[in-house]
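A.B. asks: My questions are about this predicted structure, shown below with the sequence.
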Amino acid sequence: MRNSGVFSDGFTFPLVIKVCTSGDSKLCRDIHGHVLVLGYQYNLHVGKDLINGYGKMGLMEDAIKVFDKMSHRNHISWNTMFSGFAHNFDCDGSVKMFGSMEREGVEPHLLTWTSFMSVHKRCGLHDRVIELFRESRGKMNCSTGEVIAVVLSSCAEFDKFQMAKEIHGYVISGGFQDYMFVQNSLISVYGKNENVEEARNLFMQTKMKNLVSWNALISSFADAGSCDEAHKTFSQLVNIDDRKLRPNVVSFSAVIGGFAVKRKQNECFAVFREMLHFKVHPNSVTIASLLSLCAEVVAFGLGKEIHGYSIRALMDKNILVGNGLVNMYTKCGDVMDACSVFDHMDNRDLISWNSMIAGYGMHGLSNEALTTFREMVKLGSKPDVVTFVAVLSACSHAGLVTEGRKLFDQMSSEFMITPNMEHYSCIVDLLGRAGLFQEANELIEKMPFEPDECVWGALLNACRIHKNTEMVEVIKSHLNLESEMTGTYMCLSNIYASQGRWEDAAKVRSRIEVKKKSYIFSSGNSFQSGLDKVYETLDDLGPRMEAEGYVPDKSFVLQDVGDEEKKEILNGHSEKLAIAFGHANLPPDFPIRVTKNLRVCGDCHNWTKIFTKVTEREVIVRDGRRFHHFKDGLCSCRDYW
């Protein structure tokens, strides 16, 4: 057109500018130059599309310059600016623009309010969205379906269910129930508050259901923990003969996420395979859900495969995927690969730092955890309550009392964070394990709230380590021994045993993954049939272990039985069964990775050290509290656990 000598005008430029919004900023600026040369910079339509184009490309400074130089502006001009701020998560810019609008005497339209609320919602300021909704209704005395959808979404995220129910009443009285996107928002907000029956009713009442409607219901069931119902609804969607209602990445990710939370490994990966069969490309949420499941069930092989897939799909640089990989590798016992992923992340958020600090702590690398914490603070990231749980736990794992005390004081004095129950549990555990019972007890007495079982359990564990039977009697009156505390600070299985509570001690489970299949063992027997080779392996190892210095520690068997029977009981401990099974079924150069729900007992700890010396193998045990890396007759915990 230009080569033919025909000049562009106010209709041509907007068409060309829209093409540039795909991301070619140089071309957009070139077109902008032509606009200036031909004098169309004051054209409302051209100005609006330049603002929109720059906004979509993240060039809000250029958008503002165009806006400021416009000799005449209408509501569309202002609203386009607000849309740009929303697209770029720039809440501060939108607030300044809203102030300028009021100073110039321009009354915001409903579309302006919608865009202004959307900026706050995208920035996670859900409480402000609700305030703006009330303000807009007071000034305009009306609303739109778009505004209602935005504020309902914020109610779901901000846990304002009562407010959502009030808006639901307004939806009915205002005649908005036929707006599909409003109904979809209502389904989501009821689902997120686990009111799945109402979500189902709203879904059934929606006259024209689209894919968002189906996804909202599927997500409702998944968020409420009803993953089977989520999968059932998903299957109904799959079987609908309508090309417009083919399941998309949101549909699959919701079901995968639901199964992942419930640790249903087989179902989760079956849906993932179905997703690939449908040629639906997973997104970062899908991958993060799968990695989270791999971390929790210690599916190391599958986790590495997912990592490989994320690299091929160019998603490994995504921060959500990166955080998932750090978490997966640390919880599967491979802290070096976790460190490698962390070091190669282009961007890190608070979750990234917390995951790496916690990972180092779990693996007994407390100095590395402290170094990472200091680096985090130096680079300007502000620690939160989770950060301090991670770094205080790291100090506890290595007995770093001085550093732990200092960090506990810094929480409130330097970082203005009020310690909660978990932080007190960490410090009590740190002091107790170091034998500082008086200081630990004084700290408990000064706590601003009543100590819970985690605090008393931490002190009880210290009593077991130091054989402080006098304090055990005091603690028992505060501790409910009927509860099964399998978390970070729990009363562990050998505490139960020391009280003669064998029914509770028998709940010990150990798990190992071999060739992508999980095998679970309990003390004294195996859960799978046909595993008699486990006991043969243990029998074969016996003489070599004894020759290397292994002597069964019969103090861990408090039952009134003979010595030979005590040896048999010790030989049947769940982690020994799992390790023996791994030794018989994994190549010699493969580390044996075992997960246990409770703490490693002293006899098994000593046995495993000697096992690695005799067999020249590496064993990684994740118990309910930390990791133990056994190699060449030594353990990473340095016998301090």
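C.D. replies: That came through fine. Numbers count the residues shown, from 1 in each chain.
A.B. asks: Distance from the chain centre to stretch 273-291, please.
C.D. replies: Centroid separation between stretch 273-291 and its chain, computed with C-alpha atoms, centre = their mean, to the nearest Å, is 17 Å.
A.B. asks: Okay, buried residues for that stretch please.
C.D. replies: Within stretch 273-291, the residues that count as buried by 16 or more other C-beta atoms under 10 Å are 274-275, 280, 282-291. Backbone N, C-alpha and C define where each C-beta goes, glycine included.
A.B. asks: could you pull out the strands for the stretch 501-641 of the chain?
C.D. replies: According to DSSP state E, counting those that start in this stretch, the stretch 501-641 of the chain carries its strands in the segments 509-514, 517-522, 525-526, 592-596, 619-622, 627-631, 634-635.
A.B. asks: any idea of the angle the fourth one forms with strand 517-522?
C.D. replies: Angle, strand 592-596 to strand 517-522, by axes from the mean of the first three to the mean of the last three C-alpha atoms, to 10 degrees: 50 degrees.
A.B. asks: mind listing what strand 592-596 pairs with, with the direction of each?
C.D. replies: Paired with strand 592-596 in the same sheet, following DSSP bridges, are strand 509-514 (antiparallel), strand 619-622 (parallel).
A.B. asks: Which of those has the lowest mean pLDDT?
C.D. replies: By mean pLDDT, the lowest-scoring of these turns out to be strand 509-514, with a mean of 84.
A.B. asks: List the contacts of that one.
C.D. replies: 297-301, 518-522, 574-575, 577-579, 581-582, 585-586, 592-598 (C-beta atoms under 8 Å, 6 or more residues apart in numbering).
A.B. asks: neighbours of the closest residue to Phe7 other than its chain neighbours, just the number please.
C.D. replies: In space, and not counting its chain neighbours, Phe7 is closest to Leu38: 6.5 Å by C-beta to C-beta, 6 or more residues apart in numbering. Leu38 is flanked by 16 other residues according to other C-beta atoms under 10 Å.
A.B. asks: Leu38 and Ser8 touch, don't they?
C.D. replies: Yes - the criterion here is C-beta atoms under 8 Å, and Leu38 meets it with Ser8 at 6.6 Å.
A.B. asks: returning to that earlier point: for the buried residues of stretch 273-291, which one is nearest Met60?
C.D. replies: Proximity of the buried residues of stretch 273-291 to Met60 (C-beta to C-beta) peaks at Ser284, which lies at 24.6 Å.
A.B. asks: thought that closest one was touching Met315?
C.D. replies: Yes - assessed by C-beta under 8 Å, Ser284 is found in contact with Met315 at 5.9 Å.
A.B. asks: so what sits against both of those two?
C.D. replies: Residues touching both Ser284 and Met315 by C-beta under 8 Å, 6+ apart: Val321.
A.B. asks: does Leu125 really touch Cys91, like I thought?
C.D. replies: Yes - Leu125 is in contact with Cys91 according to C-beta under 8 Å; the separation is 6.4 Å.
A.B. asks: circling back: list the residues that contact both of Leu38 and Ser8?
C.D. replies: By C-beta under 8 Å, 6+ apart, no residue touches both Leu38 and Ser8.
A.B. asks: and the strands of the stretch 501-641 of the chain as CSV, adding mean neighbour count and distance to Asp68?
C.D. replies: Putting those into CSV (neighbours: other C-beta atoms under 10 Å; distance: least, C-beta to C-beta, whole Å) gives the following:
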stretch, mean neighbour count, distance to Asp68
strand 509-514, 21, 61
strand 517-522, 17, 63
strand 525-526, 16, 75
strand 592-596, 25, 61
strand 619-622, 23, 59
strand 627-631, 23, 58
strand 634-635, 18, 66
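A.B. asks: Using CSV, write out every CA atom in stretch 454-467.
C.D. replies: Extracted in CSV, the C-alpha atoms of stretch 454-467 (Å, rounded to 0.1, in the frame of the first residue of the first chain):
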residue,chain,number,x,y,z
CYS,A,454,4.5,-31.0,69.3
VAL,A,455,6.3,-29.0,71.9
TRP,A,456,5.9,-31.7,74.6
GLY,A,457,6.8,-34.4,72.1
ALA,A,458,10.0,-32.6,71.2
LEU,A,459,11.0,-32.5,74.8
LEU,A,460,10.0,-36.1,75.3
ASN,A,461,12.2,-37.1,72.4
ALA,A,462,15.1,-35.3,74.1
CYS,A,463,14.4,-37.2,77.3
ARG,A,464,14.7,-40.5,75.3
ILE,A,465,18.1,-39.4,73.8
HIS,A,466,19.5,-38.4,77.2
LYS,A,467,17.6,-41.0,79.2
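A.B. asks: Reformat the strands paired with strand 592-596 as a markdown table; add distance to Leu27.
C.D. replies: As requested, the strands paired with strand 592-596 are exported to a markdown table (distance: least, C-beta to C-beta, whole Å):
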| stretch | distance to Leu27 |
| --- | --- |
| strand 509-514 | 52 |
| strand 619-622 | 54 |
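A.B. asks: just to revisit the earlier point, common neighbours of Leu125 and Cys91, please.
C.D. replies: Here Leu125 and Cys91 have no joint contacts, going by C-beta under 8 Å, 6+ apart.
A.B. asks: which ones are touching the residue nearest to Thr537 when sequence neighbours are not counted?
C.D. replies: With sequence-adjacent residues excluded and distances taken as C-beta to C-beta, 6+ apart, Thr537 is closest to Ala580, at 4.3 Å. When contacts are counted by C-beta under 8 Å, 6+ apart, Ala580 touches 534-535, 537-538, 541.
A.B. asks: Mind checking which of those residues are buried?
C.D. replies: 534, 537-538, 541.
A.B. asks: Give me the subset of those lying in helices.
C.D. replies: Among the buried ones among the contacts of Ala580, the members falling in helices (DSSP state H) are 534, 537-538, 541.
A.B. asks: Is it possible to get CSV of those residues that adds pLDDT and distance to Phe342?
C.D. replies: Shown next, in CSV, are those (pLDDT from 0 to 100; distance: C-beta to C-beta, whole Å):
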residue, pLDDT, distance to Phe342
Val534, 87, 37
Thr537, 90, 37
Leu538, 89, 39
Leu541, 92, 37
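A.B. asks: CSV please, covering those residues and showing distance to Val326.
C.D. replies: Output for these, formatted as CSV (distance: C-beta to C-beta, whole Å):
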residue, distance to Val326
Val534, 34
Thr537, 35
Leu538, 36
Leu541, 36
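A.B. asks: if we can go back for a sec, just give me the closest of the buried ones among the contacts of Ala580 to Glu565.
C.D. replies: If you rank these by distance to Glu565 using C-beta to C-beta, Leu538 comes first, at 15.7 Å.
A.B. asks: Quick check: the gap between the residue nearest to the closest one when sequence neighbours are not counted and Ala156.
C.D. replies: Spatially, and ignoring its direct neighbours in sequence, Leu538 is nearest to Ala580 (5.0 Å; C-beta to C-beta, 6+ apart). Per C-beta to C-beta, to the nearest Å, Ala580 is found 50 Å from Ala156.
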